[in-house]
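Visitor: Provided below for reference: sequence and predicted model.
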Amino acid sequence: MSKNFYITTPIYYPSARPHMGHAYSSIVSDFFARLKRIQGYNVFFLTGTDEHGQKIQRAAEDNNKDPLKFCDDISKTFKDLSKTLNLSNNDFIRTTETRHKKSVEHLWKILEKKKEIYLSKYSGWYSISDEAFYNNDEIEDVDGHKICKLSGSKVEWVEEESYFFKLSKWQEPLLKFYDDNPNFILPETRKNEVISFVKGGLKDLSISRKSFTWGIKVPSNNDHVIYVWLDALTNYLSALNYPDQKNDLYKNFWPADIHIIGKDILRFHAIYWPAFLLAADIQPPKRVYGHGWILSGDEKMSKSKGNILDPIEIIDKYGLDPLRYYLLKEVSFGNDGNISNEKLESCINSDLANNYGNLCQRVISFCEKNVGMKIPIVGEFVKEDLEILDIYKSKFDELKTKIDNQNINFYLNFIVEQLFRANKYFNDQEPWNKKSNKNRLNTIIYVSLEIIRKISILLYPIIPQSSLKALKIFNIKENEIDFATIQNHKFLPSETNINKIGILFNKFNK
Ligand code: MSP
């Protein structure tokens, strides 16, 4: 079994500064990347910016800037955000880089050579905001404007010479591919939407534009630029040095294990992308997960509505780890969710400060007063000790399976439940009343420390900074975290030193 794991975020349009929706896609992806790393996988985690196309060209024009200069500036804000979010990405790709251009040109040439592309004329609706072509039945009239029903974006009528990809030819092979790979599209509801769209009939896809210039030119005809989605999707290959299919990155990491994306861009990833790849004789990715939206109030964020949530503002006010925790716990993964200050504050106060932070503080300070700053010698476990310890072993396989199916909420609920149990255990065992029974007192402390270790490991992919701070108690460093050891009840070596740590989370008082 290969121990490599390739995970990607969508690449973001640098048409405006990043918002909470972008931060969400990235944080979720980082969660899986970190989780896989502590499970012993060699992980390649990719993010970046999608810089070509009419949307970017127009945004640059509106700002009176040269498109590349415009992209340089905004792409940097996305790169900076990846640092602010503490993403553990291995690479950051920009589609204006030469390595990417080479890769897209190569893919185009292969498709041309395999006679998957032909020149004709496109006439139909196009949304610049979505960079998407729409059928007549997907359009409606709102206040005299033509709008795409699905995305709500304005569309324009386009008529121009265009190269087409023979998408219609791939309808049956795609349906077979979905059938053979039942977990290719998750969650299930999204998969059904995609399948019924494909069953409804696929038309050939326009894959070049002639009316603007900001893009990668069609190699055999420089009057055309390659459709931005064919360009953008190829980023997942360019980062692995495609077309060199013999290099280690490509050999180890393609096909990608999972593309994390928002539900609005599912059609591109679950239909066009595997079709391009099948046509080019390249294996499609193993999975595409379409998550829900982060709503502002009850609506999708948009510049025109003026309801953009800025992740930096929230981080400045509440801190990064609380935001990461909130997004992973409070949004039911796969569905839409929203952020409210009240719910975020309650997460900080009850789960992070009271439940986790307090557990660490009280156990360490009890340890300090009663056994010195050393891990005590553990005595015989009694029923109550085993009950609380064994759950990490008995639930281990289930936890792994759930997370392999992207069930983030199961994972989070497990942690919250264990935090409650840990605090209850410490209260019920009353170590402060066991001073005459040193053996029992030592064992209660040992078990409590073990639980802190296990929970901190589980929390690492969610709140890495805070988890690492807690793991300093035991001198466990980031590259030493091993997920499998949560099953181990006597991992901590007795009589070794432990360290004091500062407050993990301050309660939020208005
Ligand atoms: N550039 C394309 C993706 C190309 S991938 C080969 C794109 N960019 S985007 O910047 O518009 O959006 C990037 C991601 O952010 C998408 O997955 C999108 O779903 C996500 N989000 C944008 N707004 C969002 C919310 N309000 N909530 C959650 N995610 C949303 O599409």
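Guide: Arrived safely, thanks for sending. Numbers count the residues shown, from 1 in each chain.
Visitor: contacts and neighbour counts: CA atoms only from here.
Guide: Noted.
Visitor: Check what pLDDT the nearest residue to K109 once chain neighbours are set aside gets.
Guide: Leaving aside its sequence neighbours, K109 sits nearest to P219 (Cα to Cα, 6 or more residues apart in numbering; 7.5 Å). pLDDT recorded at P219 is 98.
Visitor: Against S211, how distant is P219?
Guide: 17 Å (Cα to Cα, to the nearest Å).
Visitor: Over to I463?
Guide: 47 Å.
Visitor: what does F366 give?
Guide: 72 Å.
Visitor: Provide the secondary structure category for R190.
Guide: What DSSP: H, G, I helix; E, B strand; the rest coil gives for R190 is helix.
Visitor: for it, what are its contacts?
Guide: K263, G290 (Cα atoms under 8 Å, 6 or more residues apart in numbering).
Visitor: Settle it for me: which of I463 and S211 has more neighbours?
Guide: I463 (21 against 14; other Cα atoms under 10 Å).
Visitor: R324 is in contact with that one, correct?
Guide: Yes. At 6.5 Å, I463 counts as touching R324 under the criterion of Cα atoms under 8 Å.
Visitor: List the buried residues for the strand or helix carrying K176?
Guide: Counting by DSSP states H and E, the element that carries K176 is helix 171-180. Of the residues in helix 171-180, Q171, L174, L175, F177, Y178 count as buried by neighbour count, 16 or more other Cα atoms under 10 Å.
Visitor: neighbours of the residue nearest to F426 when sequence neighbours are not counted, just the number please.
Guide: With sequence-adjacent residues excluded and distances taken as Cα to Cα, 6+ apart, F426 is closest to S448, at 7.1 Å. S448 has 23 neighbours, counted by other Cα under 10 Å.
Visitor: Wait, S448 touches A422, no?
Guide: Yes. Under the criterion of Cα under 8 Å, S448 makes contact with A422 at 7.1 Å.
Visitor: Backbone dihedrals for A280, both of them.
Guide: phi -90, psi 10 (degrees, to the nearest 10).
Visitor: What residues does the stretch 301-450 of the chain have near the ligand?
Guide: M301 (Cα under 6 Å from any ligand atom).
Visitor: same thing with the chain?
Guide: Residues of the chain lying near the ligand (Cα under 6 Å from any ligand atom): 10-13, 21-22, 24-25, 50, 232-233, 261-265, 292-295, 300-301.
Visitor: Select only the buried ones of those residues in PyMOL?
Guide: Buried members of the residues of the chain next to the ligand can be picked out in PyMOL with the line below, counting by 16+ other Cα under 10 Å:
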select buried, resi 10+11+12+13+21+22+24+25+50+232+233+261+262+263+292+293+294+295+300+301
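Visitor: Inside helices: which ones of the residues of the chain next to the ligand?
Guide: G21, H22, Y24, S25, A232, L233 (DSSP state H).
Visitor: re earlier: partners of the helix or strand that the helix holding K176 is followed by in the sheet?
Guide: Next helix or strand after helix 171-180 toward the C-terminus (DSSP H and E): strand 185-186. Within its sheet, and counting by DSSP bridges, strand 185-186 is paired with strand 288-291 (parallel).
Visitor: what does the partner strand rub up against?
Guide: 25, 184-187, 190, 258-266, 269-270, 333-336.
Visitor: Which elements pack onto the helix or strand bottoming out on mean pLDDT in the chain?
Guide: Here the helix or strand of the chain ranked lowest by mean pLDDT, DSSP states H and E is strand 299-300, holding a mean of 82. If you count contacts as 3 or more Cα pairs under 8 Å, 6 or more residues apart in numbering; DSSP states H and E, strand 299-300 packs onto no helix or strand.
Visitor: Please renumber the chain so that the first residue is 349 from this point on.
Guide: Sounds good: first residue 349 from here, last item strand 647-648.
Visitor: Give me the sheet partners of it and which way each runs.
Guide: In its sheet, and by DSSP bridges, strand 647-648 pairs with strand 642-644 (antiparallel).
Visitor: can you pull the buried residues of stretch 485-494?
Guide: Result for stretch 485-494 [16+ other Cα under 10 Å]: buried residues I487, E488, K494.
Visitor: Let me know the pLDDT of the second one.
Guide: Put plainly, it is E488. Reported pLDDT for E488: 95.
Visitor: what sits opposite it in the beta ladder?
Guide: I495.
Visitor: which residues touch it?
Guide: Contacts of E488 by Cα under 8 Å, 6+ apart are K494, I495, C496, K497.
Visitor: Can you flag the buried ones in those?
Guide: K494, I495, C496.
Visitor: ok, of those, which one's closest to N718?
Guide: C496 (67.6 Å; Cα to Cα).
Visitor: returning to what we had before: got JSON lines for the contacts of E488, with pLDDT and distance to K457 too?
Guide: Shown next, in JSON lines, are those (pLDDT from 0 to 100; distance: Cα to Cα, whole Å):
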{"residue": "K494", "pLDDT": "94", "distance to K457": "35"}
{"residue": "I495", "pLDDT": "94", "distance to K457": "35"}
{"residue": "C496", "pLDDT": "94", "distance to K457": "32"}
{"residue": "K497", "pLDDT": "92", "distance to K457": "35"}
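Visitor: could these go into TSV alongside distance to Y474?
Guide: TSV is the format used below for the contacts of E488 (distance: Cα to Cα, whole Å):
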residue	distance to Y474
K494	10
I495	10
C496	9
K497	13
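Visitor: Please identify which pair of the residues you listed lies farthest apart.
Guide: Among those, K494 and K497 lie farthest apart (Cα to Cα), at 9.3 Å.
Visitor: intersection of neighbour lists for these two?
Guide: With Cα under 8 Å, 6+ apart as the test, K494 and K497 both reach I487, E488.
Visitor: what ranges do the helices span in the stretch 649-798 of the chain?
Guide: 659-666, 668-678, 689-694, 706-719, 731-742, 744-752, 756-777, 786-807 (DSSP state H, counting those that start in this stretch).
Visitor: Which elements pack onto the third one?
Guide: Looking back up the chat, that one is helix 689-694. helix 668-678.
Visitor: how far does the helix it packs on sit from the chain's center?
Guide: The chain centroid and the centroid of helix 668-678 are separated by 13 Å, computed with Cα atoms, centre = their mean, to the nearest Å.
Visitor: Now do that helix against helix 756-777, angle only.
Guide: In terms of direction (axes from the mean of the first three to the mean of the last three Cα atoms, to 10 degrees), helix 668-678 departs from helix 756-777 by 110 degrees.
Visitor: what's helix 668-678 in contact with?
Guide: 372, 375-376, 432-433, 662-663, 685, 692, 695-696, 700, 756-757, 760-761, 810-814.
Visitor: make it 6 Å
Guide: Here helix 668-678 makes contact (Cα atoms under 6 Å, 6 or more residues apart in numbering) with L760, I810, I811.
Visitor: per-residue confidence at the second one?
Guide: At I810, the pLDDT value in this model is 98.
Visitor: quick one: contacts for T444?
Guide: Contacts of T444 (Cα under 6 Å, 6+ apart): none.
Visitor: how about it, secondary structure?
Guide: coil.
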